[in-house]
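In: I would like the atomic coordinates for the input below:
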Amino acid sequence: MSETFNFYELKASNRLPSPSGTALEIMKLLQREDANINDVTKLIKLDPALSGRILQFANSASVGAHRSISNINDAIIMMGMTAVKNFALSLSLVSNDTYNRCSNFDYTLYWSKSLVTAVVISSLNGREQIVSSEEAFTLGLLKDIGRLALATAWAEDYGKCILDAQNEKALLKLEQENFAINHNALTLMLLKDWGFADLFIEALKLCFDSNGIGTSKVNRLAKQLIFANTIANYCIADDEYRETLLPNLIMESQSNDFGEEELIPFVNSVLKQWHDWGAIINIKTDIRESSESNTNIPLKISIGYTGSGLSILLVDEDVTSSTKLSKQLNAAGHQVFETKDGNLALKYALENKPDLIITNWHMKPMSGIEFSKTLHSSTWGRAIYIIMLTSTEEENALIEAFNAGIDDYVVTPVSLKALLARIRAGERIIKLQQEVEKEHKDLQRYIAELAVANRRLELMANTDVLTGLSNRRYSLNRLEQEWATAHRTHRPLSVLMLDLDHFKSVNDSLGHDAGDLVLIHAAKIMRACTRPSDTPCRLGGEEFLIIAPNTGAKEALLLAERIRRTIETHQVANVPLLKPMTVSIGVACCVEGLPTWKELLTLSDEALYKVKREKRNSVKLAG
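Out: Residues are numbered from 1 along each chain as shown. I've put the predicted structure just below:
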């Protein structure tokens, strides 16, 4: 039940999407109180690719800068350090998570749709600015990061969930059953851990519930996210499927203050930006979904090479020699793929992960040595066995080649017998690596299954069976933890003690089944009215507790009044109550660790009973 425990339990698999490189350093830097723009600028300048992308974004139509931005310092000043951090984080995740661990999860479709969603929400935000364009772009790109997290952490089991799910609702249910969490909840958890503002978390929460009704900043951002998802689905659809989606898109556009004459130019602009950004950050944008394939689930069915030989990538700019050698290796039982230069070979290796690479030394524009160094610089690349074709056996040259990352070499002109012998030697090492990897995956799967089992047991021990809220046991432990955190960080902490009015009369007149429906309905309202950081709990009977960290007395009273008003105006359906359902709420707040958490409970309880003695259906602050 604890958010921290949930997150780190999943993170224990060490295969969650996570920021790296410059993005990780920026995150660490901004945790310091003395961090400044100059420090961030120096870090970003060390990463030419990130520098280029930030400048491109700062000068893009999405941002709408009044003048050309030509240096990183100006870009950071315009975007803001937090926006730059989040932008770098999202690009870092795109770069790191191209390795297809989950065979049934379509990574290409996932990132393509995430990118078009980012472009759409950034463009919508340009029409009605709620947050900065950079923040909107990042939020769109990471809106469904929970899907990627599950595909990464529990690849095999999640692949089965994707195959079994007929639609989005079914997938969410299967995720909850298998992992005790779904991808929407995990998205919120990850973004919160990465330091995203409460505004984004709250807006996403409403978006996942398809609730964009309201005029607050959170509601308006949620409405933009919902509309962005509709436009993104249209953009990635094929022509026939677009005809099906268009009427709903037009209807939804009208509720978002779009005239029909504005919609098509807007979508065309989004499509252009989508393709432009795809080229910048290396995401494919030429994919299309049909109505038959669309379930809102990024699904991929792929059958790789299953022969007894190896999957070999042959890299040689001499097409004649390459074709001849390829035929000979195919005849020996191997699956061979050919490329003419190192750049194409890197792209193929990244997407297909061959067992073995045979590369010529002398190629342009990237030599075999440069290709091997680049490949060896990545974690996945170091695992690929490389044989170099070379015309020299000079000692220093061979030392350079082995230092670049090759595993063996064959002198040209190539002797097929010698090459096949080298491949067999490499195959023994590759098979051993595969066995170790299989054992590692089995161990990871066992750890994941054990973690899920432990989480289910913890959920059972800490959850109220009827309402799905935290139970009394959990709530007291959580309150003690939150009080310790508030005391350490000098932040306020509030608790709300709630009691449903006249509840005993419901059980007495209508029976316990009707009483259960009332409790479930009230619990849903409390969950909907609270933030992800708040913890609503059922203490027992008709009594509830809400723990609200980083919340002062004034904000706690507003939260209590919102819950009271919502319960009063949203009565439970199909239960003929003799009196309308209402709630009495007592509120208590501590600052600088005073009062203690036990005293906080007592004070909120006393405030509640003052309300019960007076007029009920009201809110009162202790003190």
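In: let me see the mean pLDDT of the strand or helix carrying K417.
Out: Element membership for K417, per DSSP states H and E: helix 416-462. Taken as a whole, helix 416-462 has a mean pLDDT of 83.
In: what residues does the helix or strand just after it touch?
Out: Using DSSP H and E, the helix or strand that follows helix 416-462 towards the C-terminus is helix 472-489. With Cβ atoms under 8 Å, 6 or more residues apart in numbering as the test, helix 472-489 has contacts from 1-2, 461-463, 470, 491-493, 495, 535, 537-540, 545, 547, 549-550, 590, 592-593, 596-597, 600-601. Bear in mind the C-beta positions are built from the backbone N, C-alpha and C, glycine included.
In: buried set for helix 472-489?
Out: Residues 474-476, 478-479, 481-483, 486-487 are the ones in helix 472-489 that count as buried (16 or more other Cβ atoms under 10 Å).
In: before we move on, what about stretch 362-373?
Out: For stretch 362-373, burial by neighbour count (16+ other Cβ under 10 Å) applies to 363, 366-369, 371-373.
In: would you map out the domains in this protein?
Out: The chain breaks down by automatic domain parsing into domains covering 18-96, 100-294, 311-436, 472-621.
In: quick one: which of those is nearest V452?
Out: domain 100-294 (5.7 Å; Cβ to Cβ).
In: picking up where we left off before, now for the helix holding K417, which elements pack on it?
Out: Contacts defined by 3 or more Cβ pairs under 8 Å, 6 or more residues apart in numbering; DSSP states H and E place helix 416-462 against helix 3-11, helix 155-164, helix 168-179, helix 319-331, strand 356-360, strand 385-390, strand 408-411, helix 472-489.
In: what about 7 Å?
Out: For helix 416-462, the packing partners by 3 or more Cβ pairs under 7 Å, 6 or more residues apart in numbering; DSSP states H and E come out as strand 356-360, strand 385-390, strand 408-411.
In: could I have the longest one exported to PDB, CA atoms only?
Out: Included here for strand 385-390 are C-alpha records, laid out as PDB according to Å, rounded to 0.1, in the frame of the first residue of the first chain:
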ATOM      1  CA  TYR A 385      30.600 -11.200 -30.700                       C
ATOM      2  CA  ILE A 386      32.700  -9.400 -33.300                       C
ATOM      3  CA  ILE A 387      35.000 -10.900 -36.000                       C
ATOM      4  CA  MET A 388      37.100  -8.400 -37.900                       C
ATOM      5  CA  LEU A 389      38.100  -9.100 -41.500                       C
ATOM      6  CA  THR A 390      41.600  -7.500 -42.000                       C
END
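In: quick check: angle from that strand to strand 356-360?
Out: Between strand 385-390 and strand 356-360, the angle comes out at 20 degrees (axes from the mean of the first three to the mean of the last three Cα atoms, to 10 degrees).
In: what are the buried residues along the helix or strand following strand 385-390?
Out: Heading C-terminal from strand 385-390, the first helix or strand you meet, by DSSP H and E, is helix 395-404. Within helix 395-404, the residues that qualify as buried are 401, 404, counting by 16+ other Cβ under 10 Å.
In: and helix 395-404, how far out from the chain middle?
Out: Its chain's C-alpha centre and that of helix 395-404 lie 42 Å apart, by Cα atoms, centre = their mean, to the nearest Å.
In: identify the residues contacting it?
Out: Taking contacts as Cβ atoms under 7 Å, 6 or more residues apart in numbering, the residues outside helix 395-404 that touch it are 369, 372-373, 376, 388, 390, 409.
In: would you format those residues as CSV with distance to G515 included?
Out: Below are the contacts of helix 395-404 laid out as CSV (distance: Cβ to Cβ, whole Å):
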residue, distance to G515
I369, 76
S372, 71
K373, 70
H376, 67
M388, 76
T390, 82
Y409, 79
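In: of these, closest to I181?
Out: Nearest to I181, judged by Cβ to Cβ, of those is H376 at 36.9 Å.
In: how many residues are close by the closest one?
Out: Neighbour count of H376, defined by other Cβ atoms under 10 Å: 16.
In: could you measure the nearest residue to it once chain neighbours are set aside against I563, distance?
Out: Leaving aside its sequence neighbours, H376 sits nearest to G405 (Cβ to Cβ, 6 or more residues apart in numbering; 3.0 Å). Noted for G405: a distance of 61 Å to I563, by Cβ to Cβ, to the nearest Å.
In: compare the two (neighbour count), which wins?
Out: When G405 is set against I563 and neighbours are counted by other Cβ under 10 Å, the residue ahead is I563, at 24 against 19.
In: report the contact partners of the more buried one.
Out: By Cβ under 7 Å, 6+ apart, the contact list for I563 reads 525-526, 529, 583, 585.
In: let's see which of those residues end up in helices.
Out: Among those, the ones falling in helices (DSSP state H) are 525-526, 529.
In: counting neighbours, which of these comes out on top?
Out: M526 (24 neighbours).
In: does the nearest residue to that one once chain neighbours are set aside belong to a helix, a strand or coil?
Out: Closest residue in space to M526, ignoring its immediate chain neighbours: P536 at 4.4 Å, by Cβ to Cβ, 6+ apart. At P536 the chain is in strand, as set by DSSP: H, G, I helix; E, B strand; the rest coil.
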